[in-house]
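Colleague: Sequence first, predicted model second:
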Amino acid sequence: MPVYTVRRILVAVPTLLLISLILFLLLDLAPGDPTAQLPLTIPPDVKERIRQSLGLGEPIHVRYLLWLQQFFVNEPLHLLSGLTGLDLAGDRARVISWQTRSPVVDIVVERLPQTLWVVGLSYVIGILIAVPVGIVSACRQYSWFDQLGTFASMVGFSVPTFFSGVLLIVVFSVELGWFPSIYDTTHKVTDWNGFLVQVRQMAMPVTVLALYNAAQISRFMRASMLDNLKLDYVRTAWAKGLPERTVVLAHVLRNSAGPAVTVIALGVPGVFAGAIITEQVFKVNGLGQLLIVSIQASDIPTVQTLTFIFAVLIVLFNLIADLLYGVLDPRIRYD
Amino acid sequence: MIEAAPPGSSRGRDVWLRFRRHKGALLGGGFFVFVLCFVAVGPALWTVDPQFIDIQARNSGMSAAHPLGADQLGRDMLARLMAGGRASVAVGVAAMLLSLLIGSLIGVLAGFFRWIDGPLMRLTDLFLALPLLPLLLVVILLFRDTLRTAVGPETGVFVLVVGVIGATSWMQTARVVRGEVLTVKEREFVLAARSIGAPAHRIVRRHILPNVLSPIVVSATLGIANAIITESALSFLGLGFPSDFATWGRLLFDATDYLQRYPSRVLWPGLAISLTVLSVNYMGDGLRDALDPRTRGR
C-alpha cells in the first residue's frame, strides 16, 4: 500500500504542473496586455508592482517559472507565517487581487470553508442516499422500487442544478417560507438556536447538490452491482446457502464498490461545477461565487488562482478515490 | 451468418424494433421530435416577434395575446421560449458534432496506432481532471471581446460557446471509441484487409469506423444533453449570450430576478431545459440497448 500511495501521489504532481501550464498559457496567449484594463484609480507605483509580480517583459518560460515560484513557494510561505506568527516569507511579492488589492490567497482562505462544507456534506448525503438505493435496485431488478429509482435518478441528473435550486426556492422559501433563500455567511454558530439557523440555511443548497450526486452515484452503483451479481462467485455463495444479507453486503457490495468509486471520482469536476452554480443560486459566498464576481470584474490574478485551486481540489479528490480503490481492491495495488 | 435472416430484415430495422421496445426511449424520442418541431416550425405558426416590446402587457400572466404571459419588458414569453430553444438546440447540436469529431478522431487514432495510444490517453486523463466550468468561464472572459469584434456579437459568442463546449466534452467519446477500436482491429476481416495491402486510412474508413458507429451514436445523444446543460449554465452565470439574445438558460437567468413575484416565468424555460435533456437521455439509453452488440440478435 505505501508504494502504491507514493506512486499515485507522484502521478498527481505532473498533472497539476500541466494544468498550471495550461492555465498560464491560456492567460498569456489571450489577446491584450493583462494590465491594460486596470482601473485608473490604481496608483502608478502599485501598477508597477503588479507588473513586476506578473513578471511582464521576461521571456515566456521565465515568466512561467516565476509564476510557479509565486504559487508554490511564496504563497505557501506567507500562509505558513500567517498561521504560525513567524516571519518566514520576508517581503516576497504576493498575488494581489485587482478588485480588493489584498492578497488573493487570504480571500481564498476566507471563502474555502463555505464551499468545502457544502460540497462535502452534499457528497456524504448523496452517497448515503445512493448506495442503499443502488443496492436494492440491483437486487430487485425491474421491481417497482427499481423502476421508480431508475426514473428518479434519470430525472435527478437531467434537471440542472440551477433549475432545481430555483425550484426549491420557489416552493420552500417563497410559497412555504420554511427556509431562507439567501445564505448568511456572517452567521456564527454559538448556541443551539444558532446551530438550527445554520442547518436551515444550509438545507437547500446541500439538498440540491446531494440529490444531483445521489442520482449519478445510484446509477453507477446499480450497474456495478448488476455486473457482479451475474458472476460465478456469487452463484457459489448462494449455493453454499449463505443468507441474502451476506451474499449482497459482504460479497457483491465489496466487489462493486471499487468501480463505483472510480466513477464517482470522475464526477468530481461536475460536482464542483454544480457547487459554483448552486452558490450563485443561493448566494453562498464561497469560492464559486468569488470566481463569478472576479470574472465579471476581469480580476485575472484571482481568476487564475481560483481555477488552479479548483484543479488542485479535483486532483486531490481523484487521488483519494484512487487510494480508496486500492484499499477496496488489493489487486490493483500490484501491477 | 449461419441462419438466414428473415426477409425484409436489416440492421436498421432490427435496431428500430429493439428501440421500440424501450418505452422510455420511445417517449423521449417522441418528445425530442416535438421539441425540434416547436423550435423549428413554431415561430412560423406563432408569428409574434420575440424582441417586440408590448409595454402594456408587461408582467402579465397567461392571456389570449400572450399564452405564457409576458416578461418585465412586455416581450411575449412563448415567442421567446421558441427563439431561445432554437439557440439552445442549435448550440447543443453544433457542440455535440464538434465534440464527436474530436472524440472519434482521438479515439480511433489511440485505438488503431499503438505508438500514439499512451500520449493521447494521458491527454484524455488530463482533460478529465481539469476544472472544466471555471476554465470555460475563463476562456469566455478572455476571448469574448476579440471574437465579438471579429465576427459580430451573436456569431462570435455562438462560435466561442460551441467551440469551448465541444473542446471540453470529447473525453468520454474518445475513451469508448478507443475501447471499441481496440477489439475491432483484432478481428479477422481487419487482418484480411491488412494482408491484401490496404493502407491504414482505408482500413479505418471502410472497416473500423462502420463497426464503431454504435458507441458514437450513443455518445452523440448524450453529447447533446450535456451541451444544452452547459450552455444553459454559462448563460445562467451571465457569461453566455448577450441579454437581448434569448436562450433557455438566459431566460431562466433573467427570470430569477423576479422569482418572488412571478415564479411561473422561471418554470417554463427550466422545464424546457429539463424535459429536453431528460428526453435526450432516455433516447440515449434506448439507443444503447438497441445498438449494443452484446444484446443484438438475442
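Modeller: On my side now, so go ahead.
Colleague: which residues are contacting stretch B:239-253?
Modeller: A:162-163, A:166, A:295, B:50-51, B:80-81, B:83-85, B:87-88, B:91, B:137, B:140-141, B:144, B:153-154, B:157-158, B:161, B:228, B:231-238, B:254, B:265-266, B:268-270, B:272-273 (CB atoms under 8 Å, 6 or more residues apart in numbering or on different chains). Where C-beta positions appear, they are placed from N, C-alpha and C, glycine not excepted.
Colleague: cool, and stretch B:155-167?
Modeller: Taking CB under 8 Å, 6+ apart as the rule, stretch B:155-167 contacts B:87, B:90-91, B:94-99, B:101-102, B:136, B:139-140, B:143-144, B:147-151, B:226-227, B:230-231, B:234, B:240-242, B:245.
Colleague: What of stretch A:220-237?
Modeller: Stretch A:220-237 is contacted from outside by A:130-131, A:133-135, A:137-139, A:141, A:146, A:149-150, A:246-247, A:251-253, A:255-257, A:259-260, A:263-264, using CB under 8 Å, 6+ apart.
Colleague: switch the cut-off to 6 Å
Modeller: A:130-131, A:134, A:137-138, A:247, A:251-252, A:255-256, A:259-260, A:263 (CB atoms under 6 Å, 6 or more residues apart in numbering or on different chains).
Colleague: Can you give me the buried ones in that stretch?
Modeller: A:F220, A:M221, A:R222, A:A223, A:S224, A:M225, A:L226, A:N228, A:L229, A:V234, A:A237 (16 or more other CB atoms under 10 Å in any protein chain shown).
Colleague: Alongside chain B, which residues does chain A contribute?
Modeller: Residues of chain A lying close to chain B (CB under 6 Å from any CB of the partner chain) are A:15, A:18, A:30-31, A:158-160, A:162-163, A:166, A:170, A:174, A:269, A:273, A:276-277, A:291-292, A:295, A:303, A:307, A:310-311, A:314-315.
Colleague: Helices along the chain, start to end?
Modeller: Unless you meant another one, I'm taking chain A. A:2-29, A:44-54, A:60-69, A:75-84, A:104-139, A:144-158, A:161-168, A:192-229, A:232-239, A:244-245, A:253-266, A:268-282, A:287-296, A:300-328 (DSSP state H).
Colleague: My question was about chain B, not that one.
Modeller: Under DSSP H, chain B gives helices at B:11-21, B:23-40, B:42-45, B:77-112, B:114-128, B:132-151, B:153-167, B:171-184, B:188-195, B:200-202, B:209-211, B:213-236, B:248-256, B:264-291.
Colleague: The ones you listed into TSV, with extra columns for mean pLDDT and mean neighbour count?
Modeller: Output for the helices of chain B, formatted as TSV (pLDDT from 0 to 100; neighbours: other CB atoms under 10 Å in any protein chain shown):
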stretch	mean pLDDT	mean neighbour count
helix B:11-21	76	13
helix B:23-40	83	17
helix B:42-45	74	14
helix B:77-112	88	23
helix B:114-128	85	14
helix B:132-151	80	19
helix B:153-167	85	20
helix B:171-184	87	21
helix B:188-195	90	12
helix B:200-202	88	10
helix B:209-211	85	14
helix B:213-236	86	24
helix B:248-256	82	25
helix B:264-291	84	22
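Colleague: Skipping adjacent residues, who's closest to the residue nearest the centre of chain A in space?
Modeller: Geometric centre of chain A, nearest residue: A:F272, 4.0 Å, by CA atoms, centre = their mean. In space, A:F272 comes closest to A:F310 once its chain neighbours are excluded; the distance is 5.7 Å by CB to CB, 6 or more residues apart in numbering or on different chains.
Colleague: isn't that neighbour right next to B:P134, touching?
Modeller: Yes - here A:F310 lies in contact with B:P134, judged by CB atoms under 6 Å, at a distance of 5.1 Å.
Colleague: Buried residues, stretch A:138-156. List them.
Modeller: Per 16+ other CB under 10 Å, stretch A:138-156 contains these buried residues: A:A138, A:C139, A:D146, A:G149, A:T150, A:S153, A:M154, A:V155, A:G156.
Colleague: from those, which two are the most distant?
Modeller: Greatest spatial distance in these: A:C139 and A:V155, 22.2 Å, computed using CB to CB.
Colleague: Show me which residues of chain B are close to chain A?
Modeller: Counting by CB under 6 Å from any CB, chain B sits next to chain A at B:126, B:129, B:131-134, B:137-138, B:141-142, B:146, B:229, B:233, B:236-237, B:256, B:260, B:263, B:266, B:270, B:274, B:277-278, B:281.
Colleague: Nearest residue to A:Y123 in space, ignoring adjacent ones along the chain?
Modeller: Here the residue nearest A:Y123, using CB to CB, 6+ apart, is A:N213, at 5.9 Å.
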